[in-house]
Structures are given as structure tokens and as C-alpha cells.
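*Asks:* Kindly return the folded structure for what I paste below:
(2 chains)
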Amino acid sequence: SQKIEQNSEALNIQEGKTATLTCNYTNYSPAYLQWYRQDPGRGPVFLLLIRENEKEKRKERLKVTFDTTLKQSLFHITASQPADSATYLCASDSGGYQKVTFGTGTKLQVIP
Amino acid sequence: DGGITQSPKYLFRKEGQNVTLSCEQNLNHDAMYWYRQDPGQGLRLIYYSQIVNDFQKGDIAEGYSVSREKKESFPLTVTSAQKNPTAFYLCASSETGGGGNIQYFGAGTRLSVL
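*Replies:* Residues are numbered from 1 along each chain as shown, chains lettered A, B, ... in the order given. Prediction:
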């Protein structure tokens, strides 16, 4: 069955460094991948979407890549700040259905 | 302000009781969704609706029911058949078509059992 996984439950990083989060998928070929940010006790907020024919997408300090050979998306936050501390979720389409499937999330903590 | 409004923010259920969580959107989106989130876990889809008067079961629909009588509203009822209802419930909406199904979420309802 199709799976989307975020292998790191938590990631600690020093302020100013680049944080890199990983999302892997198996047994299917998503048409797109999405990344969301979730703060404690709040709903997720959409950040970026990348389609299968795009290698890279950027938005301010955020960058996302999509590698169909490795079946992986990487999400980068450059010059990380304590305010970037949150849980980041990846999600993908579900093969033509009007729904998305979410990974379990990676909790990022940026240490001052 | 456009967005998704969920109410109440906190809800308590007694054993054997049905409770209903409200979700309203003014984004003019056709599709709406209900997710459940347990501590340290991702979002699991309960039900979704692509259009008024139509809805489909998600991955964990047992013990839940929904209705979609208006485009703006997608209430979720947690029935007494749901034996472990304590969780954070999130409602979302999205455009249909080729827009990538970006999900817009409400602030959530935290349901606890008394």
C-alpha cells in the first residue's frame, strides 16, 4: 500500500544553520508533494507545493526539492531562527482522489 | 476575514453521548475534510466531501458521521460507537480541480472524555 513517511520525529539545530527535513514515499508516484507547518494546539498552515515535474521550489528562506528517483522530498530552512521551531508535515495526493495523505511530521527545534 | 471556523475549541463527552463538532468555511471551497490527530501522530482522514450532499469515508470513519447540506458547513458527529474519541479534530477545505488540493485548516477542536 502507498506510504508517506517522515523518518525523523525530532530535529534540533543551532540558530543560523540550515535545517533539512526528509519525506519519503513508497509504492506510488505522487503528482505533487506539499509541506505544512503546525504550531502546538493549532491547525497546520500550508507552506509550499512541488509537482512531480519540478525539481526545486523556493519561497523566501524555504526550499523544497522533489527527487522521483530517490522517491524523496527534502525541505530546507536556511538561516534558521527560533521562531521556525514547529512541527513540519509533508503530504501528497492520493492517486486521483480529492484528498491528501499526511506524514507523521518532524518536530524542529531551533536552539538560540 | 476568509477562513475556516471550528467550534467549540474544547469539548467534553460523557460515556454513551453523541457530540457534534462544527465546521464552517467562507472560502467558497467545494471540498471539505475532517481529520483526527493523536499526540505525536500525523493527521488521519475521517471523512471528506467533494460537493454538497455527497461525502466519502476516509481511513478511520467508524464511530463518526457527517452531513453536507450546505457548501459552507460540514459538521462531524462523534457517536457513542467511537470508543476512543479523545483527540484533536481538525477541519479543512480545499479547491477542487488542478490546484494541488491545498488544505486550509481551522484552529481545531480538542475533544476529551469525562
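*Asks:* Can you name the residue of chain B nearest chain A?
*Replies:* residue B:105 (3.2 Å; CB to the nearest CB). All C-beta spots, glycine's among them, are computed from the backbone N, C-alpha and C.
*Asks:* how about the residues of chain A that lie near chain B?
*Replies:* With the criterion set to CB under 8 Å from any CB of the partner chain, chain A comes near chain B through A:9, A:32, A:34, A:36, A:41-46, A:49, A:51, A:89, A:91, A:93, A:98-105.
*Asks:* Just the buried subset of these, written out for PyMOL, thanks.
*Replies:* Command for PyMOL that selects the buried part of the residues of chain A next to chain B, burial taken from 16 or more other CB atoms under 10 Å in any protein chain shown:
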select buried, chain A and resi 32+34+36+43+44+46+49+89+91+93+98+99+100+101+102+103+104+105
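*Asks:* Sort out for me which of the residues of chain A next to chain B are in strands.
*Replies:* A:32, A:34, A:36, A:45-46, A:49, A:51, A:89, A:91, A:93, A:98-102 (DSSP state E).
*Asks:* Need the worst-confidence member of these.
*Replies:* Taking pLDDT as the measure, these have their low point at residue A:98 (79).
*Asks:* Not counting sequence-adjacent ones, nearest residue to it?
*Replies:* residue B:50 (4.7 Å; CB to CB, 6 or more residues apart in numbering or on different chains).
*Asks:* helix or strand for that neighbour, which one?
*Replies:* Per DSSP states H and E: residue B:50 is located in strand B:43-51.
*Asks:* That strand pairs with which strands?
*Replies:* strand B:31-37 (antiparallel), strand B:54-57 (antiparallel) (DSSP bridges).
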